[in-house]
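*Asks:* Pasted the sequence and its predicted model underneath.
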Amino acid sequence: MRIVLGVGGGIAAYKAALLLRLFTEAGHDVTVVPTEASLRFVGVATWEALSGHPVTTTVFDAVETVNHVRLGHEADLVVVAPATADLLAKAATGQAPDLLTNTLLMARGPVVFAPAMHTEMWAHPATQANVALLRSRGAVVMEPGVGRLTGPDSGPGRLREPEEIFAAALAAARQEPAAASETGPAGPLAGRTVVISAGGTREPLDPVRFLGNRSSGKQGAALAETALAAGAQVRFVAAHMDVPPPPGAETTRVETALELRDAMLKAADGADVVIMSAAVADFRPAAASDTKIKKRDDGQDPVIELVRNPDILRELVVRRDEQRRADGALPDSGPLIVGFAAETGDAGSDVLAYGRHKLDRKGCDLLVLNRVGRNLVFGQDSTEVMFLTPGMDPAAPVPTLAGTKAEIAAGIIGRVAAALR
Ligand code: CTP
């Protein structure tokens, strides 16, 4: 792909150098277009050396190539990182005082902004209106990370990690996995095997009925697409889904929780990452009738006895930890395990408290916490998640990410890639 990497004027500009490296190592052709202000943080020499292309901030260099039109026109993808409040405002209002803003006006392919600024600037209604306007026009504006900012303050406003921006950019470009293999193994998950479960299990009551759930499998499919785009080999274990499994993944179809368990234990063997995004039925009918359950003339209605299904996520963690102990292996050998938690909260406890408790109980390395309700999350294209990890400071703000399922997938895969690194 031809990528334009726009760099705005902020301290986090240095992280764009790592992002540039991820793109070039994945075989992409990157032209860096910094703003004048950003050169106070990272200079032209760095960008020229890392990208292998001349770098300028102005429309008056290389005029014979009509640079200010050509760059945006030819780009398959434009990524702006860090995107300052000023750059977002200029992009939203179509101003074009320099080469980067001209390029943004010319771009016809996907555009991804990774904002970085102080919390107050991000929360300001002007910035939020600009972000909403850019999103309404189809641009991807990532939610900033939450954490320590330039000064002693912390909050939302941090530039997201290079791996997360990389994954979001590839998801936006919907780069086919075939393209990654053409350029050889590349991307932050190159050479890694990622196992993903997705969809909702169905527990048969009789040959025509089942106990099921509302999971659409969209989040699992988006995770698989993003992992493939990041260079991973993907083993995809699909329970019932409303969307097709992504091409390029090695898919195993399952129906029940017990089938899902067997498939996951097998697939997790030798894997680097396991992501349990499937909605697993906690209970199954104690016995499924071989014949259709009929209404009875004596008026007696059936009572369905349920038994508990195994906790697959917990089992995966226990098995990995046992192997670590048995082999005397390094503490981080075996797969990195990611779980999901769907919580509604109730009178007794809030969503976050249930999430923290679930992380302890499951023992996984990352828990992606979703607030659910009848109209929230299931089947919806947009959602909000919190990322919980063991040993987090309970007083610190919890990293939160709102966006489409593709953006959430990019956030998860980016975190996974960073943890493996
Ligand atoms: N999960 C699993 N096996 C089960 C149930 C859940 O592997 N039998 C996994 C899910 O795939 C998810 C995580 O565990 O990654 C949490 O699922 P959730 O339904 O939120 O939690 P439960 O374990 O069912 O806990 P509870 O019903 O008490 O909320």
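*Replies:* It's in.
*Asks:* Every contact and neighbour count from this point should use C-alpha atoms.
*Replies:* Noted.
*Asks:* check contacts around residue 221.
*Replies:* 198, 243-246 (Cα atoms under 8 Å, 6 or more residues apart in numbering).
*Asks:* Out of these, which is nearest to the ligand?
*Replies:* The ligand lies nearest to residue 198 out of the contacts of residue 221, by Cα to the nearest ligand atom, at 8.1 Å.
*Asks:* Tell me if I'm right that the closest one and residue 279 touch.
*Replies:* Yes - Residue 198 is in contact with residue 279 according to Cα atoms under 8 Å; the separation is 7.2 Å.
*Asks:* quick one: which of these two has more around it?
*Replies:* Under the neighbour definition other Cα atoms under 10 Å, residue 198 and residue 279 were set side by side, and residue 198 has more, 31 against 24.
*Asks:* what's the nearest residue to that one if we skip its chain neighbours?
*Replies:* residue 278 (3.9 Å; Cα to Cα, 6 or more residues apart in numbering).
*Asks:* can you pull the contacts of that neighbour?
*Replies:* Residue 278 neighbours (Cα under 8 Å, 6+ apart): 197-201, 215, 217, 220, 238-239.
*Asks:* and those, which two are the farthest apart?
*Replies:* 201 and 220 (13.3 Å; Cα to Cα).
*Asks:* For residue 149, give its distance to the ligand.
*Replies:* 31 Å (Cα to the nearest ligand atom, to the nearest Å).
*Asks:* what's the closest non-adjacent residue to that residue?
*Replies:* residue 158 (6.0 Å).
*Asks:* same thing with residue 304?
*Replies:* residue 285 (6.5 Å).
*Asks:* Tell me the residues on this structure that lie near the ligand, please.
*Replies:* Residues of the chain found near the ligand (Cα under 6 Å from any ligand atom) are 276-282, 309-313, 339-342.
*Asks:* so which of those residues would you say is closest to residue 167?
*Replies:* residue 277 (18.2 Å).
*Asks:* what's the burial count for that closest one?
*Replies:* 26.
*Asks:* now do the one 10 residues further on
*Replies:* Here the neighbour count serves as a burial measure; for residue 287 (other Cα under 10 Å) it reads 13.
*Asks:* if I look at it, how far off is residue 114?
*Replies:* Using Cα to Cα, to the nearest Å, residue 287 is found at 52 Å from residue 114.
*Asks:* Residue 355 touches residue 364, doesn't it?
*Replies:* No - between residue 355 and residue 364 there is no contact under Cα under 8 Å: 12.0 Å.
*Asks:* List the residues that contact residue 406.
*Replies:* Residue 406 sits next to 168, 171-172, 219, 222-223, 226 when contact means Cα under 8 Å, 6+ apart.
*Asks:* got the contact list for residue 416?
*Replies:* Per Cα under 8 Å, 6+ apart, neighbours of residue 416: 273, 336.
*Asks:* again, only using 7 Å
*Replies:* For residue 416, no contacting residues are found, by Cα atoms under 7 Å, 6 or more residues apart in numbering.
*Asks:* per-residue confidence for it?
*Replies:* Reading off the per-residue confidence, residue 416 sits at a pLDDT of 94.
*Asks:* Please report phi then psi for it.
*Replies:* Dihedral pair for residue 416: phi -60, psi -50, per degrees, to the nearest 10.
*Asks:* Would you mind identifying the helix or strand in this protein with the lowest mean pLDDT?
*Replies:* Comparing every helix and strand of the chain by mean pLDDT, DSSP states H and E singles out helix 177-182 as the least confident one, with a mean of 39.
*Asks:* quick one: strands adjacent to the very next helix or strand once past it?
*Replies:* As assigned by DSSP states H and E, the chain's next helix or strand after helix 177-182 is strand 193-198. Applying DSSP bridges to the sheet, strand 193-198 is found paired with strand 233-238 (parallel), strand 273-276 (parallel).
*Asks:* Please indicate which of the residues of the chain next to the ligand are buried?
*Replies:* Among the residues of the chain next to the ligand, the ones that count as buried by 16 or more other Cα atoms under 10 Å are 276-281, 309, 312-313, 339-342.
*Asks:* can you put those residues in TSV and add secondary structure?
*Replies:* As requested, those are arranged in TSV below (DSSP: H, G, I helix; E, B strand; the rest coil):
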residue	secondary structure
276	strand
277	coil
278	coil
279	strand
280	coil
281	coil
309	coil
312	helix
313	helix
339	strand
340	strand
341	strand
342	strand
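*Asks:* Now pLDDT too, for these, in a markdown table please.
*Replies:* Converted to a markdown table, these look like this (pLDDT from 0 to 100):
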| residue | pLDDT |
| --- | --- |
| 276 | 98 |
| 277 | 98 |
| 278 | 98 |
| 279 | 97 |
| 280 | 98 |
| 281 | 97 |
| 309 | 98 |
| 312 | 98 |
| 313 | 98 |
| 339 | 98 |
| 340 | 97 |
| 341 | 95 |
| 342 | 87 |
